[in-house]
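Asks: quick one: sequence and predicted model below, then my questions.
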Amino acid sequence: MANSPVDEQRINAIRFLAVDAVQKANSGHPGLPLGAAAMGYALWSRHLRFNAKDPHWFNRDRFLLSAGHGSMLLYALLYLTGFGVTLDDLKSFRQLGSKTPGHPEAGHTPGVEATTGPLGQGVANAVGMAIAEAHLGAVYNTSDEKIVDHYTYALVGDGDLMEGISQEALSLAGHLQLGRLIVLYDDNRVSLAGPTDVTFTDDAIARFDASGWHTQLIDAAHANDVDAIDQAITVAKNVTDRPSFIAVRTHIGYGSPLQDSFKSHGEPLGPENVKKTKEFLGWPLEPDFYVPDDVLAFYRSLSDKGAQAQAQWQQTFDQWKVQNADLASQLERALRGELPSSLPWPTFTAENGNVATRDAGGAVMNAIAAALPELVGGSADLDPSTKTYLKGQGDFEPGNYAGRNIHYGVREHAMAAATNGIALHGGLMPFCATFFNFVDYLKPALRLCALTELHAIYVFTHDSVFLGEDGPTHEPIEQLAMLRAMPSIRVVRPADALETEAAWKLAIDPKSGCPWALVLTRQKVPFLGQRNADVARGAYVIADAQGTPDLILIATGSEVSLAIDAKKILDGKGVATRVVSLPCWELFAEQPVSYRDEVLPPSVTARMSIEAAATFGWTQWVGDRGFAFGIDHFGRSAPAAAIAKAFGFTADNIAQVALDKFALATR
């Protein structure tokens, strides 16, 4: 059935705001907005529950544009519906300082739920948001009042489904039966470089069917049929035991001379083609960025309906709050980004502290878990090894969405992106865990977590070659340097149980405004004594020289105890040695120069770092005259003790290397 003229005009307003913005910027992707505008219109006008005047309303529906290159589709909708995105913002698309960057950025543009663009990330974020909705609903809803019952929608393209993360994400979502997750597929069969059948001939419907989704197909004849799209979304919303997938056989660059061509994907149409497209679709040629008054009034009225929905929800919430005071206090505290007034932290001593830092981390998590109900997460099928299982807190699974342990399976990439989605949703404090070497599998999602400055906790165990027999395939070498090079993330490699606890105290702070990577050992490390383990300042003197030091040994993680043992040897030879534990480079770099100079006096140029990893970057701390002792090659398969001896990580060798490198006088 053909759309009414009124619907066509409203859809064309989306299309030509996008086309004009891309043309003015002389940069961007007009093809997706032209082809998917009817989909966006049907969803936003007939289903999506939002209030543009309060973009953070907790029970709003979430919409993620996973195909983030089509950002002007989203920006046009945000302008039309009144989300604080102005016409001038559209005119400054992709320009320095504008609210309309090339790809959507959460926290930068009102109404943008997730930072997308790297393909596949948005659909996996949506899975995380749906997990968050299901968990919060199970914890806080009652038989009388439902205060968490929104939908999560994602718009994906061919590229999203080609990226491997999408298979991980759809498999996980199907297994978890996330019935309030609905994915719309812009099935235009064209990618940036040409038709998709050059590389991509999957049957997407069959793929989602096989993973336990409810699926529907809207053929090319109805791709712009608002009623058909509306009906499909309605059907999907009524399927509660499975996530839903709606494939819409759209036309990229719809209505333009470049329709169905890859040439409309990633570059402006050009002035002449813009003119021809407007003529074909019956849109005024002038002025650019034209929106009829009645069309704008209609879109703005959608937010008014959303405000009414929010007001009704608020009444429900207020009634629920009266009947559930403790739960309400808990939820509101979490939403404010506040921790409980006190938490039952464990105590580590010489008697119980000689443990692997992964074990210390597990002890900390389990000590505080009951008192910190927003802490949720899981590992990539590695709970027994990462020690991150929250005992007694149940498993998140169909029939028990109140469980707090999420079993992600061997899906590191989707795990990390879903963790980001949980953090973006709000109300929860997500963590995820895997072996440190497998950060390679999730790094793109971790990068977006850092870019968006999300509060999420990444636990990486088996942190060095000292995991031993599993060999070089599992032994991280370059990962520390890679993570330290990433902006807006704090990487902590604690030396013992006490530093691990201090790291967790920092990591759970909701106001930290960044992701945390806790890098923990597989092997036992000695307890280094009761002290002020000043992880919050990034580095501190853990063992000092008598008087001015001749040499400073700087170490992280399991190598701190090695540095202390080497100090004993050097002290015995008359070399006054200071040992500095440097668990977090980023925090130390943030300290005043006076403190950094106190820990690492500029006058002491004989500095040696000790870390069982790549030495890249250590010049920052050892200086031009210092020496970085590490491992700039891959590891070996052998017991940890044998590896330590072979690679020179013994106290005797460290002491000798220091003496040789700095020609230190001994007595």
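Replies: Everything's here; your move. In this text the structure is predicted, and so the values were computed from the model without any measurement.

Asks: how about the strands in the stretch 151-300 of the chain?
Replies: Ranges of strands within the stretch 151-300 of the chain are 152-156, 181-186, 190-191, 194-195, 214-218, 244-248, based on DSSP state E, counting those that start in this stretch.

Asks: which elements pack onto the fifth one?
Replies: Strand 214-218 sits against helix 204-210, helix 226-237, strand 244-248, with contacts defined as 3 or more Cβ pairs under 8 Å, 6 or more residues apart in numbering; DSSP states H and E. From N, CA and C alone the C-beta is placed, and that goes for glycine too.

Asks: take the strands of the stretch 151-300 of the chain and lay them out in CSV including distance to residue 8.
Replies: As requested, the strands of the stretch 151-300 of the chain are exported to CSV (distance: least, Cβ to Cβ, whole Å):
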stretch, distance to residue 8
strand 152-156, 20
strand 181-186, 19
strand 190-191, 23
strand 194-195, 28
strand 214-218, 17
strand 244-248, 17
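
Asks: format these as TSV; extra columns: mean neighbour count and distance to residue 530.
Replies: Putting the strands of the stretch 151-300 of the chain into TSV (neighbours: other Cβ atoms under 10 Å; distance: least, Cβ to Cβ, whole Å) gives the following:
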stretch	mean neighbour count	distance to residue 530
strand 152-156	28	47
strand 181-186	28	49
strand 190-191	23	60
strand 194-195	14	65
strand 214-218	19	58
strand 244-248	25	56
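
Asks: to residue 331, which of the helices and strands packed on strand 214-218 lies closest?
Replies: Using Cβ to Cβ as the measure, helix 226-237 is the one of the helices and strands packed on strand 214-218 that comes nearest residue 331, at 24.9 Å.

Asks: what residues sit buried inside the closest one?
Replies: 226, 228-233, 236 (16 or more other Cβ atoms under 10 Å).

Asks: give me the contact list for that helix.
Replies: With contacts defined as Cβ atoms under 8 Å, 6 or more residues apart in numbering, helix 226-237 is touched by 1, 3, 7, 11, 38-39, 41-43, 46-47, 151, 182, 184, 214, 216, 218, 222, 244, 246, 248.

Asks: give me the number of residues near the residue nearest to residue 495 when sequence neighbours are not counted?
Replies: For residue 495, ignoring the flanking residues on the chain, the nearest one in space by Cβ to Cβ, 6 or more residues apart in numbering is residue 560 at 3.6 Å. When neighbours are counted by other Cβ atoms under 10 Å, residue 560 registers 29.

Asks: what's the neighbour count on the residue nearest to residue 161 when sequence neighbours are not counted?
Replies: Of all residues not flanking residue 161 in the chain, residue 204 sits nearest, at 6.0 Å (Cβ to Cβ, 6+ apart). Residue 204 is flanked by 19 other residues according to other Cβ under 10 Å.

Asks: please tell me I have it right and residue 204 contacts residue 186.
Replies: No: Residue 204 sits out of contact with residue 186 when judged by Cβ atoms under 8 Å, with a separation of 11.2 Å.

Asks: now render the helices and strands packed on strand 214-218 as a markdown table, adding mean pLDDT.
Replies: A markdown table is the format used below for the helices and strands packed on strand 214-218 (pLDDT from 0 to 100):
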| stretch | mean pLDDT |
| --- | --- |
| helix 204-210 | 97 |
| helix 226-237 | 98 |
| strand 244-248 | 98 |
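
Asks: having no further points to raise, I will conclude here.
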